[in-house]
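J.: Give the three-dimensional model of this entry:
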Amino acid sequence: MTPVLIALLLVNAAFNALVWPQFSRRIAKDPRARDADGKPTRFLIVHAVLIGAALALALASLIAAVAALAA
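T.: Residues are numbered from 1 along each chain as shown. Sure, this is the predicted structure:
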């Protein structure tokens, strides 16, 4: 794998690891995240799934970059 692609994977992993947790905190504080009874709404659930997927992709990018560096 070329150094450019390895760098791209590392930048992707770093960006996702920095941005999505902060976004998650903002979503959790949003009034649309919970209903009147305090239960999570679809708004919160959908965003939690999206954030989880983004963080999973960040981890996969990091693993791929480390594997490429080790090879």
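J.: Wasn't His37 part of a helix?
T.: Wrong residue type there; residue 37 is Asp, not His. No: counting by DSSP: H, G, I helix; E, B strand; the rest coil, Asp37 falls outside a helix, being coil.
J.: Pull the number of nearby residues for it.
T.: Asp37 has 5 neighbours, counted by other C-beta atoms under 10 Å. No exception for glycine: its C-beta is placed from N, CA and C like everyone else's.
J.: Give me the pLDDT value at it.
T.: Confidence at Asp37, expressed as pLDDT, is 97.
J.: Same check on Met1?
T.: 74.
J.: Ok, Leu62 next?
T.: In this prediction, Leu62 has a pLDDT value of 97.
J.: for the particular helix or strand that has it in it, which positions count as buried?
T.: Following DSSP states H and E, one finds Leu62 within helix 42-70. Buried residues in helix 42-70, counted by 16 or more other C-beta atoms under 10 Å: Leu44, His47, Ile51, Ala54, Leu55, Ala58, Ser61, Leu62, Ala64, Ala65.
J.: So which elements touch it?
T.: In terms of contacts (3 or more C-beta pairs under 8 Å, 6 or more residues apart in numbering; DSSP states H and E), helix 42-70 is packed against helix 3-29.
J.: Widest-spaced pair of the buried residues of helix 42-70?
T.: Leu44 and Ala65 (31.3 Å; C-beta to C-beta).
J.: Number of residues surrounding Trp20?
T.: Trp20 has 20 neighbours, counted by other C-beta under 10 Å.
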